[in-house]
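Asker: What would the 3D arrangement of this be:
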Amino acid sequence: MKDFFKNVFRYFTYFITIVLGIATASIEPLLPLLKRPVTAVALITATVSAFIGLTLVLRAMLGLDLA
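Answerer: Below you'll find the predicted structure:
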């Protein structure tokens, strides 16, 4: 049983490593855009809009109330 939990923890750390690697690889090309104010505002607006859109779509798909 001890080896089972050791393996579960190993897969969890592997999962976290993969997620952080994907996040780093996707955010790194966008960092130069944050140096100019116009592109920084556009990037932040696009990120917030994407998050709001995803939230609304998931709520509609799952049938959750907005209140």
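
Asker: Quick check: the gap between the residue nearest the centre of the chain and residue 43.
Answerer: The centroid of the chain falls nearest to residue 23 when counting by CA atoms, centre = their mean (6.9 Å). As judged by CB to CB, to the nearest Å, residue 23 and residue 43 stand 16 Å apart. C-betas here are computed from N, CA, C, even on glycine.

Asker: And residue 64, by the same measure?
Answerer: 29 Å.

Asker: Who has more neighbours out of these two?
Answerer: residue 43 (15 against 10; other CB atoms under 10 Å).

Asker: Which element, helix or strand, includes the more buried one?
Answerer: helix 37-62 (DSSP states H and E).

Asker: Residue 64 now?
Answerer: Using DSSP H and E, residue 64 falls outside every helix and strand.

Asker: cool, residue 14 as well?
Answerer: Per DSSP H and E: helix 2-27 holds residue 14.

Asker: Tell me the confidence at residue 7?
Answerer: Looking at residue 7, its pLDDT is 83.

Asker: likewise residue 10?
Answerer: 86.

Asker: What's the separation between it and residue 27?
Answerer: Taking CB to CB, one finds residue 10 at 26 Å from residue 27.

Asker: where does residue 41 land on pLDDT?
Answerer: For residue 41, pLDDT reads 95.

Asker: er, residue 4 I mean
Answerer: On the pLDDT scale, residue 4 is placed at 84.

Asker: Distance check, it against residue 10.
Answerer: Taking CB to CB, one finds residue 4 at 11 Å from residue 10.

Asker: which neighbours do these two share?
Answerer: With CB atoms under 8 Å, 6 or more residues apart in numbering applied, the contact sets of residue 4 and residue 10 do not overlap.
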